[in-house]
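Visitor: Generate a structure from the sequence data that follows.
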Amino acid sequence: MKKLISVLLALSILLCLTAAFAEETEEPAILGDVSVQFGNDSAEYILHMYDTDTGAELYRNVTDSGRNLPSYDIKDYEGWEYFQFYDIPSYYSIPDGDQQLVESEKAGELYYCAPNRIILFYEDAEIPLMMVKVGYIEDTPEFRADVANNQPLDYWGNLLFIIRYAE
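Guide: Predicted coordinates for the structure are as follows:
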């Protein structure tokens, strides 16, 4: 009887650990896809948006006509060679209740960081930030190069992130 209880206890602990690990590693479902470009001359890439409260609100705010989101020269920031960030107009209310400390990011991952900023990593990095993952782009050498080579527009002075619903 003691052996049976010990075996059942061991199995229940194993199941709990497996469930906890599965929760930590499971990616949310995909809500939808949007097309993105880095400046006017970049190739188009598919951004897969996660079906979370934050991801869904960002996806809804793309609109049928799309968005041109600005980014700035961030070469004075630590980690600038790993990511670009894009500002969302302040009149949009984006939920950020599910933000958590993220300490390791992969190229292609898109995060939301309050207030109203999305951060796209185009290189793997270890930069601790409070944010929530909202989507991803397939990591390819072409993707990395297009983001890294995104140049400020002459007439605007900012980098441009073009986002619209994928066809």
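
Visitor: C-alpha from now on. contacts and neighbour counts both.
Guide: Noted.

Visitor: Next, the contact list for the residue sitting nearest the centre point of the chain, please.
Guide: The centroid of the chain falls nearest to residue 110 when counting by CA atoms, centre = their mean (1.5 Å). Neighbouring residues of residue 110 by CA atoms under 8 Å, 6 or more residues apart in numbering: 118, 119, 120, 121, 133, 134, 135, 136, 137.

Visitor: Do me a favour and get the end-to-end distance for stretch 62-72?
Guide: Length of stretch 62-72, first residue to last, CA to CA, to the nearest Å: 20 Å.

Visitor: ok, and what's touching that stretch?
Guide: 84-88, 152, 158-165.

Visitor: now that we have those residues, which one has the most neighbours?
Guide: residue 159 (25 neighbours; other CA atoms under 10 Å).

Visitor: pretty sure it is touching residue 150, no?
Guide: Yes: the pair residue 159 and residue 150 qualifies as a contact (CA atoms under 8 Å) at a distance of 6.4 Å.

Visitor: and for the two, which residues touch both?
Guide: 38, 39.

Visitor: out of the contacts of stretch 62-72, which one sits closest to residue 38?
Guide: Nearest to residue 38 among the contacts of stretch 62-72 is residue 161, at 5.0 Å by CA to CA.

Visitor: Check the secondary structure at the closest one for me.
Guide: Assigned with DSSP: H, G, I helix; E, B strand; the rest coil, residue 161 falls in the strand class.

Visitor: Same check on residue 142?
Guide: Taking three-state DSSP, the label given to residue 142 is helix.

Visitor: Same question for the one 3 residues further on.
Guide: The assignment at residue 145 comes out as helix when based on three-state DSSP.
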